[in-house]
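Asker: below: sequence and its predicted model.
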Amino acid sequence: VQLVESGGGLVQAGGSLRLSCAASERTFTMAWFRQAPGKERNIVASISWNGGSTYYADSVKGRFTISKDNTKNMMYLQMNSLKPEDTAVYYCAGRRVYTPTYSVDENDYDYWGQGAQVTVSS
């Protein structure tokens with residue numbers, strides 16, 4: 001399974017971006033992670049296969065929204081009120097095996113995209 005992110009770019013603080021992740025085949029639980037320069041990769045948001053269960057890191061809660069469209073094998077991350085500290089490479093990830101809920105552990109994910117750069121200027 002291949003995952004391809006799109007929608008990254010440069011935006012001013014307070015602006016919005018929408019990331020998309022296209023999967024070549026069906027995946028189950030999916031997530032967005034991000035890695036800032038010199039830092040570890042961290043969970044941003046995760047969503048269960050049917051979309052009924054979601055998780056957000058405290059740092060993005062109320063500003064970011066994760067969603068997915070299983071008919072198109074797509075996942076999205078709507079990012080509003082962006083801050084300079086949101087600058088990072090954003091990765092989408094998917095699980096091969098079905099579970100009923102989200103997952104915040106990167107070791108649970110079998111498939112990864114190549115990453116999309118998001119840069120927020122102050």
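Answerer: Arrived safely.

Asker: from here on, just use CA atoms for contacts and neighbour counts.
Answerer: OK.

Asker: quick one: neighbours of the residue lying closest to residue 80 once chain neighbours are set aside, just the number.
Answerer: Ranked by CA to CA, 6 or more residues apart in numbering and with sequence neighbours excluded, the top spatial neighbour of residue 80 is residue 16, at 4.4 Å. Residue 16 has 17 neighbours, counted by other CA atoms under 10 Å.

Asker: just list the residues touching residue 16, thanks.
Answerer: The contact partners of residue 16, taken as CA atoms under 8 Å, 6 or more residues apart in numbering, are 78-82.

Asker: for residue 37, which non-adjacent residue is spatially closest?
Answerer: Spatial nearest neighbour of residue 37, excluding adjacent residues (CA to CA, 6+ apart): residue 88 at 6.9 Å.

Asker: distance of the one you found relative to residue 34?
Answerer: 6 Å (CA to CA, to the nearest Å).

Asker: check which helix or strand covers the most centrally placed residue in the chain.
Answerer: Nearest to the geometric centre of the chain sits residue 32, at 2.2 Å (CA atoms, centre = their mean). Assessed by DSSP states H and E, residue 32 sits inside strand 30-35.

Asker: that strand packs against which elements?
Answerer: Counting contacts by 3 or more CA pairs under 8 Å, 6 or more residues apart in numbering; DSSP states H and E, strand 30-35 is packed against strand 41-47, strand 88-94.

Asker: any idea which of those is most buried?
Answerer: Of all those, strand 88-94 has the most neighbours on average by mean count of other CA atoms under 10 Å, namely a mean of 26.

Asker: contacts for it, please.
Answerer: If you take CA under 8 Å, 6+ apart as the criterion, strand 88-94 is touched by 3-5, 21, 27-37, 109-119.

Asker: one step back: now the strand holding residue 32: mean pLDDT?
Answerer: Mean pLDDT, strand 30-35: 98.

Asker: what's the angle between that strand and strand 41-47?
Answerer: When axes from the mean of the first three to the mean of the last three CA atoms, to 10 degrees is applied, the directions of strand 30-35 and strand 41-47 differ by 160 degrees.
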